[in-house]
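**Q** Here is the input, now give the coordinates:
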Amino acid sequence: MATNMRGLTQFIADIRGARVRELEEKRINKEMANIRKRFKDGNLDGYQKKKYVAKVIFTYILGYKVDVGHMEAVNLISSSKYSEKQIGYLAVTLLMHENSDFLRLVVNSIRKDLNDNNEIHNCLALHAIANVGGQEMAEALAEDVHRLLISPTSENFVRKKAALTLLRLYRKHPDVIPAKEWALRIVSIMDDPDLGVVLSVTSLVMALAQDHLDAFAVCYQKAVDRLNRLVVEHEFAATYAYYKVPIPWLQVKLLRLLQYYPPPEDPTIQIMLQEVLQTIMNNCNEPSRNVQHNNAQHAVLFEAISLAIHNDTNSPLVNTAAVLLARFISSKETNVRYLGLDTMAHLAARTDNLEAIKKHQGTIILSLRDKDISVRRRALDLLYSMCDTDNSELIVGELLRYLKVADYGLREEMVLKIAILTEKYANTYKWYVDTILELLSAAGDHVGEEVWYRVVQIVTNTEDLQAYAAKVVFEYLKSPSSHESLVKVGGYILGEYGHLIANEPGYSPIEQFQVLHSKSQFCMAPTRALLLSTYIKWVNVFPEIKPQLVNVFERYRHVLDVDLQQRACEFYALALRPEEDELLQNVCEEIPPFPPRESALISRLHKKQGDTEDKRTWTIGDKEANLARQTSKMLRKPTMKVETNGATPSSTGDISSDITNSLIGLDLTSSPTGMDPSAALAEKGIPRLIAGPNVDRWFDKLLYTADGVLYEDVQIQVGIKSRYHGPLGQVAVYVGNKMSAPLTSFTTTLHNEEPEALSVSFVKIAPSTLAPRTQIQQIVQVECKKVFKIPPILVVSFLAGAHQTIAVRLPIVVTKFLEGVKLSSTDFFERWKLIGGPPREAQSIFPISLDATGHIDITKQRQVVSGHGFQVLEGIDPNPSNVVGAGILHTAVDGKVGCLLRLEPNREAKLSRITIRSTSEDVAVEAQRLIQKPLTADASGPAEKRTTS
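**A** Numbers count the residues shown, from 1 in each chain. Here you go, the predicted model:
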């Protein structure tokens, strides 16, 4: 920049050549005056504007205030020359605050550069938005930045900058970014072939997913798939290998992203993730002398261990991790010790079995004296997390000893943790009181109000503890110097319970008064006010020292502090009342027990551990909080179970959603399947089902056939082949790309609303790209556990110019698990009578169509009945037009369910009666509805006449 502008070069040389500050200021003032004159005169060409604005920027960088050049910088942004535009953007980002009025003038110029076909101009505009990015600019330009990110014509480096710009805007103004609307489109870029783009987009997804878990749930499958390709299949360009570790920054981000979600339920993803984590841990068994290689490998390893702990603390992976961590906390490398202690604290905060960690208790305690304070902090966290009833006295004692020599930055946190551990794991009241009072005595100014408040609550609520606490606090107050917090506790406890020890030698009322009052002159006004309250209590219980107490009240009546003066006057008046007066006794009654409440110490500690932008996925040392966090994540999962791809649809969680959920499955329309799920699914954030006569016709036909087309349009075709045996089934889903261009970011997802009754999962994850004119096969494993009513939903999403989503019902219904059985006429009617009528009978009369010759279409009726799993029995019914069938439904949990059918068509009336009897009334109703649908003449016609349901 300076080499092309001689005036700027000379100006910089003059400034550097100034020997004293005064000469520098003189030269700058002279130049600023010249620039003002030039700008005022006008008629400057682009080169001159660029040169003078550059001088203004240099002056600003030196620390001088500048009040010129703003408008010229705005004008330079509109220039078509890169060098002038660059200086203009640099001036805008440096000289203008995000709320500057001048920024309103550049919004249109920035938008023009964002829409420009020149990628350099795109980048300059993105830099300006990210660096300045005020509320107005974010609202005006967020859509344009998003368009640049998702545009297939954008260069990779532009898309990277667009993703990071959106991240910057979201962190500053989260309300401006419609995260839920953009979720699927942004997540689809995680399949991009360029790993640099994937890295930038993953950073954006991490920030958005923390606040919108459900909307971004599909990123789970994308992250696992990408990790598998990087770690297991080694699918990455050589340029992204950092000291033989494949793009470790992306691995770390993906592993952290997975920790925001509950463990996967889909066995396919579980197996794939298990293999990834095992491979990462195995790779670290090969030590390297290269420091950079070790650093990259350890970064990935520790995040992998954290994910393994997050998913299941009882898995073999975690046992392997515990062995590795034991090695790391003894490492000579400070960074490795730090990460080892931090990850072991994560394990201790989640696992129920601390034995593996307790083996290294001595090493951890030694880490409290490490030369690096960050390592000492992590050692403190780990000791806090691993403490239980067995080792509490040892750990608390060690922490108390270390407290006296600990860094001042650590002491307040240590006090809180010691107080919490002492209360939580106290085996005896004596140990609790001794420890807390030693803490108050040793910690001094680092004891917060919450600590002694909690001591008072516990002593007040524990009657057996009161006399002992009074004795011990009295002994501590005898020491020459006592901290004010200890005086407060002593004042409260002796005031309330001093009378319990007053008859013992050495604890007489006058001795209690002398010890406590000798400390008051060194205390602040609030503490003295508390001591005055103690004295008025003693007036009531220790009449022998009343003169001394009244004398104290008398002196305090004339102090300058208003609160002390008011208390002293009131207490003085109370103390002088006659002894038989009950007012003093009523005022000085013993304080009642406090109501049960959560310790304020824990909430105070959690405040000190506030989340950063990249939120913690666990709470230090608090198993209950971690369990609650995990439970809340599970509760966030909608009723629709995401069996693959990790796509957890959003759940509104409000009353209307609960009502909708409760209505799903009821026969609210004339549809025999008893539902119109599109609207209900859309309410939960699941894509609307594709509607249309062909789609419904294909689905209905596949209910009683084994293969066929499920969906087709100009872009893709989805076909089905299925087979079932007992309660198990296998459905092959064929997805074909009919276009001459590939489908990218290809994802298949299953949504199952009744996971307790039906299990569906893909055998493997679909490839992220579907080549032109090709098809892929996805195998779905199915298991019927109980009777279910709602078929699972297949969602196929892909990029073909725009992001598209297709949601269709899979033809998996309860009758698919029926197996026909042959029965004689005698056996059939015997079982028919044995099952009996309602409620184990479902019967209805519905209209039918005749064939072209005007006869009943017996062939179709038999095809439908046999297609739904019934064995058509010949010779049972004397009427040859009637169809009789029998079958057994196989379920994994409820066992076998018998089912008998009679279908009686009437040619003259064009009606048919279907009767199904089953040992399960649910099976009877569901089978009747499913078989009736394809046989009904007109589903949109008048409502059927149902005699029994």
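
**Q** buried stuff in stretch 713-733?
**A** Buried residues in stretch 713-733, counted by 16 or more other C-beta atoms under 10 Å: 715, 716, 717, 718, 719, 720, 722, 724, 727, 729, 731, 733. The way it works is simple: take the backbone N, C-alpha and C, and place the C-beta from them, glycine included.

**Q** between the residues you listed, which is closest to residue 834?
**A** Taking C-beta to C-beta as the measure, residue 834 sits nearest to residue 727 out of the buried residues of stretch 713-733, at 24.1 Å.

**Q** how near is the closest one to residue 737?
**A** For residue 727, the distance to residue 737 (C-beta to C-beta, to the nearest Å) stands at 34 Å.

**Q** And residue 535, by the same measure?
**A** 89 Å.

**Q** Which one's more surrounded, the two?
**A** For residue 535 and residue 737, the more surrounded residue by other C-beta atoms under 10 Å is residue 535, and the numbers stand at 27 against 22.

**Q** That one: what secondary structure?
**A** Three-state assignment for residue 535 (DSSP: H, G, I helix; E, B strand; the rest coil): helix.

**Q** Grab the nearest non-local neighbour of it.
**A** Spatial nearest neighbour of residue 535, chain neighbours left out: residue 549 (4.8 Å); criterion: C-beta to C-beta, 6 or more residues apart in numbering.

**Q** Contacts for the helix or strand hosting that neighbour next, please.
**A** Element membership of residue 549 [criterion: DSSP states H and E] is helix 546-556. For helix 546-556, contacts defined as C-beta atoms under 8 Å, 6 or more residues apart in numbering pick out 510, 513, 517, 528, 532, 535-536, 538-539, 564-565, 567-568, 571-572, 575-576.

**Q** give me that answer again for 10 Å
**A** 509-510, 513-514, 517, 520, 528-529, 531-532, 534-540, 542-543, 564-576, 579 (C-beta atoms under 10 Å, 6 or more residues apart in numbering).

**Q** Give me the buried entries from those.
**A** If you count burial by 16+ other C-beta under 10 Å, the buried members of these come out as 509, 513, 520, 528-529, 531-532, 534-540, 542, 564, 567-568, 571-572, 574-575.

**Q** re earlier: show me the contacts of helix 546-556 that map onto helices.
**A** Judged by DSSP state H, the contacts of helix 546-556 include 509-510, 513-514, 517, 520, 528-529, 531-532, 534-540, 564-575 as members of helices.

**Q** Low-confidence ranges, the stretch 651-800 of the chain, go.
**A** 651-686 (pLDDT under 70).

**Q** wait, I meant the stretch 501-650 of the chain
**A** 597-650.

**Q** what does the stretch 351-500 of the chain give?
**A** Within the stretch 351-500 of the chain, the segments meeting pLDDT under 70 span 444.

**Q** in it, which spans are helices?
**A** Ranges of helices in the stretch 351-500 of the chain, per DSSP state H, counting those that start in this stretch, are 355-358, 361-366, 373-386, 392-403, 408-425, 429-443, 449-461, 463-477, 484-497.

**Q** Between the ones you listed, which one is closest to residue 904.
**A** By C-beta to C-beta (comparing all of these), the closest turns out to be helix 355-358, at 69.6 Å.

**Q** what residues does that closest one touch?
**A** By C-beta under 10 Å, 6+ apart, helix 355-358 touches 318-319, 321-323, 325-326, 329, 344-345, 347-348, 351, 364, 382, 385-386, 388, 390-391.

**Q** List buried residues within those residues.
**A** Taking 16+ other C-beta under 10 Å as the criterion, what is buried in the contacts of helix 355-358 is 318, 321-322, 325-326, 329, 344-345, 347-348, 351, 364, 382, 385-386, 388, 391.

**Q** about what we covered before: closest one to residue 52 out of the buried residues of stretch 713-733, please.
**A** Nearest to residue 52 among those, counting by C-beta to C-beta, is residue 715 at 56.3 Å.

**Q** what's the spacing between that closest one and residue 806?
**A** Taking C-beta to C-beta, one finds residue 715 at 9 Å from residue 806.

**Q** After the helix or strand where residue 200 lies, which helix or strand is next?
**A** Residue 200 is located in helix 195-211, with elements delineated by DSSP H and E. The C-terminal neighbour of helix 195-211 among helices and strands, as given by DSSP H and E, is helix 219-227.

**Q** now that next one: how far from the chain's centre is it?
**A** 16 Å (C-alpha atoms, centre = their mean, to the nearest Å).

**Q** Against which helices or strands is it packed?
**A** If contacts are counted by 3 or more C-beta pairs under 10 Å, 6 or more residues apart in numbering; DSSP states H and E, helix 219-227 sits against helix 179-188, helix 195-211, helix 248-258, helix 267-283, helix 291-311, strand 744-752.

**Q** The closest residue to residue 808 other than its chain neighbours is in what secondary structure piece?
**A** Of all residues not flanking residue 808 in the chain, residue 711 sits nearest, at 5.0 Å (C-beta to C-beta, 6+ apart). If you go by DSSP H and E, residue 711 is part of strand 707-712.

**Q** send the alpha carbons of that strand over as CSV?
**A** Extracted C-alpha coordinates of strand 707-712, given in CSV (Å, rounded to 0.1, in the frame of the first residue of the first chain):
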residue,chain,number,x,y,z
ASP,A,707,-42.5,-54.5,-3.4
GLY,A,708,-43.3,-51.5,-5.5
VAL,A,709,-42.8,-47.7,-5.9
LEU,A,710,-43.3,-45.6,-2.8
TYR,A,711,-42.6,-42.2,-4.3
GLU,A,712,-41.5,-40.7,-7.7
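
**Q** circling back: and the angle from the helix holding residue 200 to helix 248-258?
**A** When axes from the mean of the first three to the mean of the last three C-alpha atoms, to 10 degrees is applied, the directions of helix 195-211 and helix 248-258 differ by 20 degrees.

**Q** Buried residues, helix 195-211. List them.
**A** For helix 195-211, the neighbour count (16+ other C-beta under 10 Å) marks 195-210 as buried.

**Q** Give the rounded mean pLDDT of it.
**A** On average, the pLDDT along helix 195-211 is 94.

**Q** for that helix, packing partners?
**A** Short answer (3+ C-beta pairs under 10 Å, 6+ apart): helix 195-211 packs on helix 135-150, helix 156-172, helix 179-188, helix 219-227, helix 248-258.

**Q** closest to residue 903 out of these?
**A** For residue 903, the closest of the helices and strands packed on helix 195-211 is helix 219-227, at 44.1 Å, according to C-beta to C-beta.

**Q** tell me the mean pLDDT for the closest one?
**A** In this model, helix 219-227 has a mean pLDDT of 93.

**Q** So what are the sheet partners of the following helix or strand past that helix and their directions?
**A** The first helix or strand that comes after helix 219-227 along the chain, using DSSP H and E, is strand 241-242. Here strand 241-242 has these sheet partners by DSSP bridges: strand 245-246 (antiparallel).

**Q** centroid residue for the protein?
**A** Most central in the chain under C-alpha atoms, centre = their mean is residue 260, positioned 4.0 Å from the mean C-alpha point.
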